[in-house]
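Just the structure for this:
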Amino acid sequence: MSELTPKHVLVDLFGSGDFPAEVLDPVHAADVVIQYLIDAPLKPRAITDRTCQPSAHNCRMSTITQTTVVFSCPKCGLNYQATQEHFSDQSSGSFDCKNCKTNVLKWSGVYDYSSWIPIRK
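Next up is the predicted model:
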């Protein structure tokens with residue numbers, strides 16, 4: 001019997017139906033997250049925010065924890081940092097790599113992703 005490691009837990013989460021987004025390569029995604037946490041530890045922060053602007057077509061109230069997540073392009077390997085938020089209403093969207101135009105993430109559900117920033121090393 002092998003020891004349960006953080007990588008095992010992340011691979012299991014990323015490859016399961018419990019994760020709110022499809023991850024094309026759970027093993028690589030787990031490696032990216034672990035390395036990112038080693039390089040720059042992140043601290044989620046609790047916020048209460050109303051995502052609404054006068055010109056917006058939809059307003060959503062969120063009492064959530066914003067979490068910074070890291071995704072990797074399955075084609076060119078460029079890593080991106082994004083903000084994940086949980087809302088009570090459904091959200092969907094997708095994000096394509098700025099470098100090679102490959103889809104990095106497609107989502108549908110109560111999680112939304114924003115503030116995509118490329119991570120260059």
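
got the buried residues for stretch 22-32?
Across stretch 22-32, burial judged by 16 or more other C-beta atoms under 10 Å covers 23-24, 26, 29-30, 32. Glycine gets a C-beta too; all of them are placed from N, C-alpha and C.

Would you mind reformatting those residues (as a markdown table) and adding columns for secondary structure while you're at it?
Shown next, in a markdown table, are these (DSSP: H, G, I helix; E, B strand; the rest coil):
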| residue | secondary structure |
| --- | --- |
| 23 | coil |
| 24 | coil |
| 26 | helix |
| 29 | helix |
| 30 | helix |
| 32 | helix |
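
which of those residues lies closest to residue 86?
Among the buried residues of stretch 22-32, residue 23 lies closest to residue 86 (C-beta to C-beta), at 17.7 Å.

Wait, the closest one touches residue 14, no?
Yes: between residue 23 and residue 14 there is a contact under C-beta atoms under 8 Å: 4.1 Å.

Which neighbours do the two have in common?
Counting by C-beta atoms under 8 Å, 6 or more residues apart in numbering, the common neighbours of residue 23 and residue 14 are residue 29.
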